[in-house]
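In: Sequence and predicted structure, then a few things I'm wondering about:
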Amino acid sequence: MTTVIETCRIPPSQGSAAELFLPLSFFDMTWLHLNHTRRLIFYSHPCSQAEFFNTIVPNLKHSLSLTLKHYLLVAANLLYPLDTVSKPVFRYISGDSVSLMIAVSGLDFEELVADHARESDQFYDLLPRMPNMSEEENYKIIPLISLQVTLFPGRGICLGLNNHHSLGDCRSIIGFIKAWAMINKSGDDEVFVSRNEESLPFFERPICKDSSRLDGIFWDVMKKIPLKPAATHPLPTNRVRASFILRQSHIIKLKNRILSAKPNIDRVSTFVVATGYVWTTLAKSLGPAGEEDEHEVFFFLADGTGRRNALFDPPVPVNYFGNCLGVGVVRAEYRKLAAEDGFVAAAEAILDEIKTKIYEEDEFLKSPEKMLTDTAKYKDTRALTTTGSPKFDYTEADFGWGEAEKVEFLSLDEGNSIFLSYSGDGDLVVGMSLTEEEMKTFASMFATGLDMRPSLDRVPTFTVAAAYVWTTLVKSHGSSAEDKHEVFYFPADARGRRNALFDPPVPVNYFGNCLGGGMVKVEQRKLAREDGFVVAAEAIGDVIKAKIYDGDEFVKSPEDRLGKIGERVVGVLAVYGSIKFECKEADFGWGWQGRWRCCRWMKRC
């Protein structure tokens, strides 16, 4: 179904440094023997094979070469010593390059970017294999990354990345991807350099007073583990992949459940409620791994750059390229997770770990060698881990084809792990990989726990009217671009109500502009369906609850309104005025206005 047309090597462009030697930090060594990180980024960009091979591929090769000039470490190799005295190093020398595969696929693009359960094995056609290791004197030479660009004729493009985790963490790799995208879109590296002149990637390994001791501790452990041959694709996976959406209304409902049960907790983050909910739902759906009093473990990673910590003073800069991660470890008995209030217990435990080990400067990154003992301690315990972070948005990497349609982490197929990201609509997306039967059970419990059945109780007149007009208008215009989105804008008066910006609120007699608002974004094909009105009403209701009624969110980050709607939008409907303000009540002595023709209306552009 997928054919590799070309395999080539892309070196850094002329003017690059002739060589680069870097020791591995203890952070890098942590990942020496773990599985590679495997990512797929899908773009909806209909193009012909002629355009792809004559324009897109040459541009990608050129821009990749320019990008490697600034990210020289990506083109390097890992030198792994064959003796027990030397330590591993990263080395780039002139002539080193990155493997790039060009392919064409007949797989169903729509199926691959969907949210429902799909067979995992098919995704590996889009992932490049790592080049084989070689040997030189006293070292094994290990390539660090491999890339693949796959065309779905007339539909889209997929970028596949397969990298050794010792190369860098999520922040580092996405920085490289975004740089490549920016350079490809602009045609040269001038825009990238001008925008990042003060924050180009920084490669020097961070040093602390304990670096030498920690390097020795980590290497003493790692060198005793046999070096595996080049990683292969874990096929067959016997798994399916699916994405689960936590809408803003779901997040608010989960937060309120915690705050009601635990009055001593004043605030709880989206990360805490999302991971707590997924952890307990997964535990219940899988059943006990042994006795019900046995512990389950949740591991999560925390970016260590740009924040005060117990190890580095000053902190590691945010433009550092490499690995710099703290780890949170949360334990809970299965019976507590599976209990009726298991979600609250899990969220409280995660929140406590974040407060005491991540937010506490004197504790964050303290004793990193504990990571080694924790790994050994819990190796036989059923664990859930997080991959990636919603803090780093892969969809923003625009190669000139618009924002990404979907991101898939194939690394999820090797254990119990979740990938968290934000959708273009601002909802939280949870990526999962399980066996087919496990996925069915998990999906059912996930939906049931959120009570995702549509509710018609107390639906405001505005929501009903706006949804009906919106869907009717979309249907009347036809659905010529069903894969794109429709947007609905509405204003909301910010006077006299609690909000995230003004304390106390702006008085109701204030004269001027004081408006918050909501933006609802829905795929056109969903609005055009028979149940499009219900879909629209639910989406509008979710935004009103999450962005207007929630005082902590209303009028928060007003500068966001200056941002772009997105390139995959085909129509925008906006509301002017409000039924809250009756202009016809202005009586000049002639009685009430019979009809007002300007104050409230809708416009589609």
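Out: Thanks, I have it.

In: Surely Leu286 is in contact with Glu437?
Out: No: the criterion here is C-beta atoms under 8 Å, and Leu286 misses it with Glu437 at 10.5 Å. C-beta here means a position set from N, CA and C on the backbone, and glycine is covered the same way.

In: Give me the more crowded residue out of the two.
Out: Applying other C-beta atoms under 10 Å to Leu286 and Glu437 shows that Leu286 carries more neighbours, namely 18 against 10.

In: ok, the more buried one to Ala338 distance?
Out: Counting by C-beta to C-beta, to the nearest Å, the gap from Leu286 to Ala338 is 10 Å.

In: swap in Thr386?
Out: According to C-beta to C-beta, Thr386 stands 21 Å off from Ala338.

In: Of these two, which one has the most company?
Out: The neighbour count for Thr386 versus Ala338, taken as other C-beta under 10 Å, is higher for Thr386 (20 against 17).

In: What residue, apart from its backbone neighbours, is nearest the more buried one spatially?
Out: With C-beta to C-beta, 6 or more residues apart in numbering as the criterion, Thr386 has its nearest non-adjacent residue at 4.6 Å, and that residue is Phe300.

In: Could you verify that the one you found is part of a helix?
Out: No: assigned with DSSP: H, G, I helix; E, B strand; the rest coil, Phe300 falls outside any helix and is strand.

In: show me what contacts it?
Out: With contact taken as C-beta atoms under 8 Å, 6 or more residues apart in numbering, Phe300 is in contact with Thr275, Val327, Gly328, Val330, Ile350, Thr385, Thr386.

In: now, the most widely separated pair of the residues you listed?
Out: With distances taken as C-beta to C-beta, the most widely separated pair in those is Thr275 and Val327, at 14.0 Å.

In: These two - which one has more neighbours?
Out: Just comparing Thr275 and Val327: by other C-beta under 10 Å the higher neighbour count belongs to Thr275, 23 against 20.

In: that older thread, adding pLDDT and distance to Val506 as columns, could you present the contacts of Phe300 in JSON lines?
Out: Formatted as JSON lines, these follow (pLDDT from 0 to 100; distance: C-beta to C-beta, whole Å):
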{"residue": "Thr275", "pLDDT": "97", "distance to Val506": "36"}
{"residue": "Val327", "pLDDT": "94", "distance to Val506": "44"}
{"residue": "Gly328", "pLDDT": "95", "distance to Val506": "40"}
{"residue": "Val330", "pLDDT": "97", "distance to Val506": "41"}
{"residue": "Ile350", "pLDDT": "98", "distance to Val506": "36"}
{"residue": "Thr385", "pLDDT": "96", "distance to Val506": "45"}
{"residue": "Thr386", "pLDDT": "94", "distance to Val506": "40"}
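
In: Which strands and helices lie in contact with whichever strand or helix holds Thr448?
Out: Per DSSP states H and E, Thr448 falls inside helix 436-450. Counting contacts by 3 or more C-beta pairs under 8 Å, 6 or more residues apart in numbering; DSSP states H and E, helix 436-450 is packed against strand 240-246, helix 248-261, helix 270-286, strand 428-434.

In: To Phe203, which of those lies closest?
Out: helix 270-286 (29.4 Å).

In: Now do that closest one: everything it contacts.
Out: Applying C-beta under 8 Å, 6+ apart, the contact partners of helix 270-286 are 244, 246, 251, 254-255, 258, 296, 298, 300, 334, 337-338, 342-347, 350-351, 354, 382, 384, 386, 390, 416, 418, 420, 428, 430, 432, 438, 441-442, 444-446, 449.

In: what about burial for the residues you listed, which qualify?
Out: 244, 246, 251, 254-255, 258, 296, 298, 300, 334, 337-338, 342-347, 350-351, 354, 382, 384, 386, 390, 416, 418, 420, 428, 430, 432, 438, 441-442, 445-446 (16 or more other C-beta atoms under 10 Å).

In: helix/strand/coil for Val330?
Out: Applying three-state DSSP: Val330 is strand.

In: Show the contacting residues for it.
Out: Val297, Phe298, Phe299, Phe300, Ala346, Ala349, Ile350, Glu353.

In: so what's it closest to, chain neighbours aside?
Out: That would be Phe298: by C-beta to C-beta, 6+ apart, it lies 4.3 Å from Val330.

In: Just say helix, strand or coil for the residue lying closest to Val575 once chain neighbours are set aside.
Out: If the residues on either side of it in the chain are set aside, Val575 comes closest to Phe490, at 4.4 Å by C-beta to C-beta, 6+ apart. When classified by three-state DSSP, Phe490 comes out as strand.
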